[in-house]
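sequence unknown, structure follows:
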């Protein structure tokens, strides 16, 4: 997971990439967002393949690592003009390839851990797994110190390093990632009610099964068309699926926009240029805070979900609302920022919100729609940030160009 999240460090070298290849801010924002498009828009395909071919998990890891190596190598060669300077759309394609590789690593790791752990620990398992994805930027930001000479990052060497780590780490770890025997299948919380044309929570479960979130099948589900699995019906039409998608669009889309462009915000708040050592240090600090706060949000949310439900029976969707509220607070604070010091607070709040949403939403998908097709269902949800990040990134680029 740590090797899969290298795109979160885009702000670390984004401005130098733009200066070297003569990109506008709008083009730079588009290129960075295309990496996210690769990660998230490929989710339905990767998730479906993970569900269909669980025995090929090691192959997915090597495939993902290979794509990351290929993408970063092409960007590095273009940066140093070893290959002809590409149009910004070709550069965006390189980052799209990196995103596809990251998506493969992400879905394999998450789906495997989700199914390997019993139900009472799944929120924690999800939180810890996705927190490593969020921690990636902090790890690779720290490793960038080995490629910084006279306070200036050697982007060419750093990009090659990211690619080599992607393929080497996953080629080794593919021998250790295992999927254990499947746990007993659990009914999803949502049951279809064809008479009412909607979906209901089954209420005939015992107290013990309610505590375990094991829900019995209501008599309505017996009338669904023969041969059509319950999960396929409920996921495509249930309002809960659209509720989760909306939260991801706003919180994850807005968070990805901020992550990709925080370097430009730092540059706008300072008097130095992209090559200035002080500016680079401030960009590095903000990327590190975003990564650390995202890690805390992801890991902390996993523990918080399971603990509050076991003690207070707190509804799971409530934590989605909390994540949205934190993101709103973060963007409201950003309107008041007048210095880089104040921006650090914004980065922390947005990072926590961004991390929380990536724990609560896969948990909600699993709870509402079951584990049998979890990777596919969650894969469709991860496609949503591709549109959200592009929407908010284009909006940011347009505003930045005007100002």
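Arrived safely, thanks for sending. Not measured: the values here are computed from a predicted model.

could you give the mean pLDDT of stretch 371-390?
Stretch 371-390 shows an average pLDDT of 83 in the prediction.

For residue 88, see how far away residue 170 is.
Spatial separation of residue 170 from residue 88 under the definition Cβ to Cβ, to the nearest Å is 29 Å. C-beta here means a position set from N, CA and C on the backbone, and glycine is covered the same way.

Relative to the whole chain's centre, how far out is the longest helix along the chain?
Longest helix in the chain, counting residues (DSSP state H): helix 277-312. Centroid displacement of helix 277-312 relative to its chain, using Cα atoms, centre = their mean, to the nearest Å, is 13 Å.

follow-up on the earlier one: so residue 170 and residue 88 - more neighbours on which side?
Neighbours were counted for residue 170 and for residue 88 using other Cβ atoms under 10 Å; residue 170 has more, 27 against 19.

Now the more buried one. Nearest residue, chain neighbours left out?
What sits nearest to residue 170 in space, not counting adjacent residues and going by Cβ to Cβ, 6 or more residues apart in numbering, is residue 65, at 3.5 Å.

Would you tell me what helix or strand the one you found is located in?
Residue 65 is part of helix 57-79 when elements are defined by DSSP states H and E.

residues of that helix that come out buried?
Using 16 or more other Cβ atoms under 10 Å as the burial criterion, the residues of helix 57-79 that qualify are 57-58, 60-79.

Which of the three states applies to residue 83?
Per DSSP: H, G, I helix; E, B strand; the rest coil, the secondary structure class of residue 83 is coil.

Name all residues that make contact with it.
74, 77 (Cβ atoms under 8 Å, 6 or more residues apart in numbering).

hmm, try it at 6 Å
With contacts taken as Cβ atoms under 6 Å, 6 or more residues apart in numbering, residue 83 has the following neighbours: residue 77.

How about residue 326?
If a contact means Cβ under 6 Å, 6+ apart, then residue 326 has 352-353 as its contacts.

7 Å - rerun?
With contact taken as Cβ atoms under 7 Å, 6 or more residues apart in numbering, residue 326 is in contact with 349, 352-353, 356.

do the same with residue 296
If you count contacts by Cβ under 7 Å, 6+ apart, residue 296 has them with 352, 355.

redo that, cut-off 10 Å
If you count contacts by Cβ atoms under 10 Å, 6 or more residues apart in numbering, residue 296 has them with 131, 134-135, 348, 351-352, 355-356.

Tell me where the stretch 51-200 of the chain has helices.
Listed in chain order, the helices of the stretch 51-200 of the chain (DSSP state H, counting those that start in this stretch) span residues 57-79, 88-116, 122-143, 155-173.

Off-centre distance for the longest one?
Right, the one you point to is helix 88-116. For helix 88-116, the separation from the chain centroid amounts to 10 Å (computed by Cα atoms, centre = their mean).

what ranges do the helices span in the stretch 201-350 of the chain?
According to DSSP H, counting those that start in this stretch, the helices that the stretch 201-350 of the chain contains are 207-211, 230-237, 239-247, 253-269, 277-312, 317-334, 340-369.

Any idea which of those gets closest to residue 141?
helix 277-312 (4.9 Å; Cβ to Cβ).

If you count neighbours, what's buried in the closest one?
In helix 277-312, counting by 16+ other Cβ under 10 Å, buried: 279-280, 282-302, 304-306, 308-309.

Stretch 387-396 now?
Within stretch 387-396, the residues that qualify as buried by neighbour count (16+ other Cβ under 10 Å) are 387-390, 392-393, 396.

For those residues, give me TSV that also has secondary structure and distance to residue 258.
Conversion of those to TSV gives the following (DSSP: H, G, I helix; E, B strand; the rest coil; distance: Cβ to Cβ, whole Å):
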residue	secondary structure	distance to residue 258
387	helix	16
388	helix	12
389	helix	10
390	helix	14
392	helix	8
393	helix	10
396	helix	8
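
out of the contacts of residue 296, who's nearest residue 153?
When the contacts of residue 296 are compared against residue 153 (criterion: Cβ to Cβ), the nearest one is residue 135, at 20.1 Å.

what's the burial count for that closest one?
Burial of residue 135 is recorded as 22 neighbouring residues (other Cβ under 10 Å).

where's it relative to residue 352, distance?
For residue 135, the distance to residue 352 - Cβ to Cβ - is 13 Å.

Same question for residue 45.
For residue 45, the distance to residue 352 under the criterion Cβ to Cβ works out to 31 Å.

between these two, which one's more packed in?
For residue 45 versus residue 352, neighbours defined as other Cβ under 10 Å are more numerous around residue 352 (26 against 16).

which residues sit in contact with the more buried one?
The contact partners of residue 352, by Cβ under 10 Å, 6+ apart, come to 255, 290, 292-298, 300-301, 323, 326-327, 329-330.

Over to residue 45?
Under the criterion of Cβ under 10 Å, 6+ apart, the neighbours of residue 45 are 100, 103-104, 107, 376, 379, 383.

How about the contacts made by the residue nearest to residue 272 when sequence neighbours are not counted?
The shortest distance from residue 272 to any residue other than its chain neighbours is 4.2 Å, reached at residue 279 (Cβ to Cβ, 6+ apart). Neighbouring residues of residue 279 by Cβ under 10 Å, 6+ apart: 15, 263, 266-267, 269-273, 340.

Which member of these is positioned nearest residue 365?
For residue 365, the closest of the contacts of residue 279 turns out to be residue 263, at 32.2 Å, with distances computed as Cβ to Cβ.

I figured the closest one was touching residue 282, is that so?
Yes - using Cβ atoms under 10 Å, residue 263 is in contact with residue 282, at 9.0 Å.

one step back: I'd like the contacts of residue 296 written out as TSV, with pLDDT and distance to residue 119 added.
Below are those laid out as TSV (pLDDT from 0 to 100; distance: Cβ to Cβ, whole Å):
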residue	pLDDT	distance to residue 119
131	80	20
134	70	24
135	76	26
348	94	32
351	92	29
352	93	26
355	90	23
356	91	21
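
In CSV: those residues, plus distance to residue 316.
Compiled in CSV, the contacts of residue 296 are given as follows (distance: Cβ to Cβ, whole Å):
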residue, distance to residue 316
131, 18
134, 20
135, 24
348, 25
351, 22
352, 18
355, 17
356, 12
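
Name the residues of the host helix or strand of residue 46 that are buried.
Residue 46 is part of helix 43-52 when elements are defined by DSSP H and E. Neighbour-count burial for helix 43-52, counted by 16+ other Cβ under 10 Å, picks out 43-51.
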